[in-house]
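> coords please:
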Amino acid sequence: MENSESLYQHYSFSVQAGQEPLRIDKYLMNFVENATRTKIQAAAKGGSIRVNGEIVKSNYKVRPHDDIKVFFEYPPVENLLLPENIDLDIVYEDNDIIVLNKPAGLVVHPGHGNHAGTLINGLIYHFDNLPNNSSNRPGLVHRIDKDTSGLLVVAKNENAMTKLSKQFADKTSKREYVALVWGNPKEDEGTIDEVIGRNPKNRLQNIVFNEEDSDLGKPAITHYKVLERFGYVTLVSCRLETGRTHQIRVHLKFIGHTLFNDERYGGNLILKGTTFTKYKQFVDNCFKALPRQALHAKSLGFIHPTSNKFMEFESELPDDFKLCLDKWTNYSKHQM
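Next up is the predicted model:
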C-alpha cells in the first residue's frame, strides 16, 4: 500500500457475512454519518478508499468479509481537540464533579461528522486538566444523544472518573428519562429486557437481536411507566439499568412505541391517528414545535466520589418538549 505512512485512517469497516453485492458508495452511505454520495465518490476518485489493501473506484461492489478502510492526508479532526467558548448550563459544581443540563442539538463528543462545537470542546475551554476516560474523552463519565436533552455528570479528577465510571458500569447510578411515544401502551408499566447491538445493515441504527443472535449485541434493560395518555401518543418515564447506545429509542420501538419525531427510527412519520388533513396538519405543527426525538434525561442520581453521599438532580422539561405536550393535551381534550 504505497504512501500509507503519510495517510491517516479515518474509517474501518468489515463487511458482514450475507451482504449482497452493493456499490461501495451506496454501502458507505449507511455507515458514515453525514456522508453524501458525492463526497464518497470524490474520496474514491482521490484514491482514499481501499478494500483488502487495494484502492477501489466508487463502482466497486462490496462482498462479505471485505476489509474497507478510508484514508485521508490529514488526521481525523476528533484527534485534535480544541477548546471552544460554548455556554454550559451548570446545575451543580464542586471540586470533583460538574452536573450540567445539555440542550438538544449539542453533540457530547467529537466524532465522524461532528468535529467541533461539541460539549467536550466547551468543557476543555472552561475547565483545565479534566481526566480522560477509557476512550480518551476528557471528563466524560457517560453520554446522551445529540438530540436528547437533560442531565450529565462530568468528572473533574481521576478519583471522580474512576468511582463514577464504576457506578455506571455496576448499574448503581440512577437515570430516569421522560419520553413521548407513538401509540397507547397496553400496560401501565413494564420492563424491556432485550439484547441491543449495531444494525449490520445500517451502522447508524441499533436494533434488538433475538436469542439466536444475542452474541451480536449486549444485554440492555429498560423499565418504563406510563405518566399520561393522550390517545395517539403517550408520555412515559424510563429508568435505565444499562446504558446502551440509543437504548430507550430501540427498546420502545421494539415494543411498538417509537419515540415521537425520532427520525432515525421512523418516529417522524405519523404512526398513529386519523387520515384527516387537519390531523396531519396538527401533527406537523407538533413536529415543528419539537424538531427532534421526544426524549429528556430528567433525573440523575449517584454516590458522590468524595463525600460518599447519594446525590440526586432533577431537570425540568425544556420549552420545546413542553410546547409539544401542551398541543397534545389540548388536542386530546377536544377529542373527548
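> Surely F127 and N121 touch.
No: at 11.8 Å, F127 does not count as touching N121 under the criterion of CB atoms under 8 Å. Any C-beta I mention is one placed from the backbone N, CA and C, and that applies to glycine too.
> Which one's more surrounded, these two?
Shown here are F127 and N121; by other CB atoms under 10 Å, N121 has more neighbours (20 against 16).
> List the buried residues for the helix or strand hosting that one?
Assigned by DSSP states H and E, N121 belongs to helix 119-126. Residues of helix 119-126 classed as buried: L119, I120, N121, G122, L123, I124 (neighbour count, 16 or more other CB atoms under 10 Å).
> and if you look at stretch 19-32?
Here stretch 19-32 shows Q19, R23, I24, D25, Y27, L28, M29, N30, F31, V32 as buried, counting by 16+ other CB under 10 Å.
> Please narrow those residues to those residing in helices.
I24, D25, Y27, L28, M29 (DSSP state H).
> correct me, but the last one touches I40?
It stands for M29. Yes: with contacts counted by CB under 8 Å, M29 reaches I40, the gap being 6.6 Å.
> and A42, that's in a helix?
Yes: with DSSP: H, G, I helix; E, B strand; the rest coil as the criterion, A42 is part of a helix.
> start the count at 345, not 1, going forward
Sounds good: first residue 345 from here, last item A386.
> Any idea how many residues pack against it?
A386: 13 neighbours (other CB under 10 Å).
> What of K677?
Neighbour count of K677, defined by other CB under 10 Å: 9.
> Could you say which helix or strand holds it?
Using DSSP H and E, K677 maps to helix 663-679.
> ditto for N629
Assigned by DSSP H and E, N629 falls in helix 621-633.
> partners of the following helix or strand past that helix, with directions?
Past helix 621-633, further along toward the C-terminus, the next helix or strand under DSSP H and E is strand 639-647. Here strand 639-647 has these sheet partners by DSSP bridges: strand 493-499 (parallel), strand 518-526 (antiparallel), strand 654-658 (antiparallel).
> what about the nearest residue to A499 once chain neighbours are set aside, which SS state?
Leaving aside its sequence neighbours, A499 sits nearest to M505 (CB to CB, 6 or more residues apart in numbering; 3.9 Å). Here M505 takes the helix state, with states given by three-state DSSP.
> pretty sure M505 contacts P475?
Yes: M505 lies in contact with P475 (CB under 8 Å); the separation is 4.4 Å.
> Who has more neighbours out of the two?
M505 (24 against 19).
> which residues does that one contact?
Applying CB atoms under 8 Å, 6 or more residues apart in numbering to M505 gives the contacts P475, N476, N477, G483, V485, A499.
> Excluding chain neighbours, what is closest to the residue nearest in space to the middle of the chain?
Central residue of the chain (CA atoms, centre = their mean): D489, 3.3 Å from the mean position. Using CB to CB, 6+ apart and skipping the chain neighbours, the partner closest in space to D489 is H590 (6.7 Å).
> same deal with R381?
Excluding its sequence neighbours, the residue lying closest to R381 (CB to CB, 6+ apart) is D369, at 5.4 Å.
> okay but that neighbour is in contact with I384, surely?
Yes: proximity of D369 to I384 meets the contact threshold set by CB under 8 Å, at 4.5 Å.
> all strands of the stretch 445-594 of the chain, in order?
Shown for the stretch 445-594 of the chain, the strands assigned by DSSP state E, counting those that start in this stretch span residues 493-499, 518-526, 533-537, 540-543, 546-552, 565-573, 577-584.
> Now those in CSV, please, with extra columns for mean pLDDT and distance to K666.
Shown next, in CSV, are the strands of the stretch 445-594 of the chain (pLDDT from 0 to 100; distance: least, CB to CB, whole Å):
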stretch, mean pLDDT, distance to K666
strand 493-499, 98, 11
strand 518-526, 97, 11
strand 533-537, 98, 24
strand 540-543, 92, 30
strand 546-552, 89, 28
strand 565-573, 98, 13
strand 577-584, 97, 11
